[in-house]
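Enquirer: next input, structure requested:
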Amino acid sequence: EQVGGVSQQVGGVSEQVGGVSEQVEGVSAKARWLKVKQLLKTRQNLLAETESMELTLRKWASLRLQTLYRTVAGMMKNRRALRLLLRAELPKLSTQELDALVDFKFQCLVAMQRYNVLSQAELKDVDVMFTEWPSLNIAFIEEVTADDGQTRWFSCLIDGRCLRDVASGRRIPVHRVMLPGHPILGNGKGDNQNAAMIFARGAILQTVDANQESYIEEAFKLPNALAEFSSPRFGVEPPSIVGFSEHIFSRLGSLAQFAAGSEFAFGTVVQSVMSSPLNARYHYGHPDLLDKTKMMAQGGISKATRTLNLSEDIFAGMDAMLRGRAVVHRRYFTIGKGRDMGFLSIISFFCKLSAGTAQASSSRQFYRLGGRPPFWR
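Expert: Model (predicted):
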């Protein structure tokens, strides 16, 4: 009996030891799981920080290259400057009223005709711009095949407030305008501008390329530049086009300095002389401000015939001059511009200029300008 009692005690002790070991295993398993969760959370935080750092680095690099992000960021500085000026003039406005009034006065419209065929990675980059600038507008061309087999093209407009299509991941257009046919008739740029111009609200347009930018100190001069359209010149109506100079920010290397120097000579010195005293300046594209109503009355900003209008933007000034309108040049307002930095790209750009001049010399605008204006022009 004593031996049996001792065996029972030993069995009870072994049961207690087994229970303690199970408790220890449970505690260790819980500790291991908490450690795993902590490691997973740390990894997720690291991934989030890495993605944030990567996006910050990409933005930093984009602001130092000739990219679309740099152009949009520069143009949106105009909105920031107008908002600061409006806050100083009307300090009693609320933030909502201030933003609504600025959005009514200023619109940044990106003519991104390939939006409907962008990849998911490119769409994600577009959403980054929408997140940073919700008031940004994007115009693109949509190609749709109808049930009858015919292909139709639409000019569409989206912004950061548009809903997203679940299937494609693209934003649903807030406006769709059916075009009479295939919109790309020429070299692309002129058609892209004319397809997007119908969504531009303001009376004054400024068309810039995707390798330009603006500066906040220059953006404060925007009201002065807009006032040019309210002052008549030589007793006639206000000008149709007001030209401005460009600041070339791509002066890195001897080749880039050569390209920047030639751009300064033609875009600033020559344009100033052609404006005054010759009064024969037309339109040299990028930083110019244009009267939208007059541009639409003469068929758009740029001409788009493939074999005739390689230099598409100069025809806006020619058509305005043939209609008896004034074109002026001012040097107090500047827009940044990136130029070619490699030998082959610089040579190809000058080849484009020479080919565009040769093609334009056979146009009706050249013929009429050669015979109708007075000799001194």
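
Enquirer: dump stretch 240-253 to PDB, keeping only the CA atoms.
Expert: The C-alpha coordinates for stretch 240-253 follow below in PDB (Å, rounded to 0.1, in the frame of the first residue of the first chain):
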ATOM      1  CA  SER A 240      -3.900  88.500 -80.200                       C
ATOM      2  CA  ILE A 241      -0.500  87.100 -79.100                       C
ATOM      3  CA  VAL A 242       1.900  88.400 -76.400                       C
ATOM      4  CA  GLY A 243       5.300  86.700 -76.600                       C
ATOM      5  CA  PHE A 244       7.800  86.300 -73.800                       C
ATOM      6  CA  SER A 245      11.300  85.100 -73.400                       C
ATOM      7  CA  GLU A 246      12.500  81.700 -72.200                       C
ATOM      8  CA  HIS A 247      15.100  80.800 -69.500                       C
ATOM      9  CA  ILE A 248      17.100  77.800 -70.600                       C
ATOM     10  CA  PHE A 249      17.800  75.700 -67.500                       C
ATOM     11  CA  SER A 250      19.700  72.900 -69.300                       C
ATOM     12  CA  ARG A 251      23.100  74.600 -69.500                       C
ATOM     13  CA  LEU A 252      25.100  71.500 -68.500                       C
ATOM     14  CA  GLY A 253      28.100  70.900 -70.800                       C
END
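
Enquirer: all helices of this protein, in order?
Expert: Applying DSSP state H to the chain gives helices spanning 2-62, 68-89, 95-105, 120-132, 189-197, 216-219, 222-227, 254-264, 271-275, 292-297, 314-322, 343-360, 364-371.

Enquirer: rebuild the ones you listed as TSV, extending it with mean pLDDT.
Expert: Compiled in TSV, the helices of the chain are given as follows (pLDDT from 0 to 100):
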stretch	mean pLDDT
helix 2-62	66
helix 68-89	93
helix 95-105	91
helix 120-132	92
helix 189-197	83
helix 216-219	93
helix 222-227	91
helix 254-264	86
helix 271-275	87
helix 292-297	88
helix 314-322	86
helix 343-360	86
helix 364-371	86
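
Enquirer: possible to save those as CSV with distance to Tyr332 and mean neighbour count?
Expert: From N, CA and C alone the C-beta is placed, and that goes for glycine too. CSV is the format used below for those (distance: least, C-beta to C-beta, whole Å; neighbours: other C-beta atoms under 10 Å):
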stretch, distance to Tyr332, mean neighbour count
helix 2-62, 29, 10
helix 68-89, 15, 17
helix 95-105, 21, 13
helix 120-132, 30, 14
helix 189-197, 26, 22
helix 216-219, 9, 16
helix 222-227, 7, 15
helix 254-264, 16, 16
helix 271-275, 12, 18
helix 292-297, 23, 16
helix 314-322, 20, 23
helix 343-360, 27, 13
helix 364-371, 28, 13
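
Enquirer: can you list the strands that the longest strand seen in the chain pairs with?
Expert: Using DSSP state E, we find that the single longest strand of the chain is strand 327-337. Take DSSP bridges as the rule and strand 327-337 pairs in its sheet with strand 212-213 (antiparallel), strand 241-248 (parallel).

Enquirer: would you mind listing the buried residues in that strand?
Expert: The neighbour-count check on strand 327-337 (16 or more other C-beta atoms under 10 Å) flags 327-330, 333-337 as buried.

Enquirer: biggest separation within the residues you listed, which pair?
Expert: Greatest spacing in those, by C-beta to C-beta: Val327 and Gly336 (22.6 Å).

Enquirer: can you tell me which of the strands paired with strand 327-337 is most buried?
Expert: strand 241-248 (a mean of 23; mean count of other C-beta atoms under 10 Å).

Enquirer: so what touches stretch 248-260?
Expert: 66, 213, 263-264, 336-343, 346, 349 (C-beta atoms under 8 Å, 6 or more residues apart in numbering).

Enquirer: return the distance of it from the chain's centre.
Expert: Distance of stretch 248-260 from the chain centroid (C-alpha atoms, centre = their mean, to the nearest Å) equals 23 Å.

Enquirer: many thanks, have a good one.
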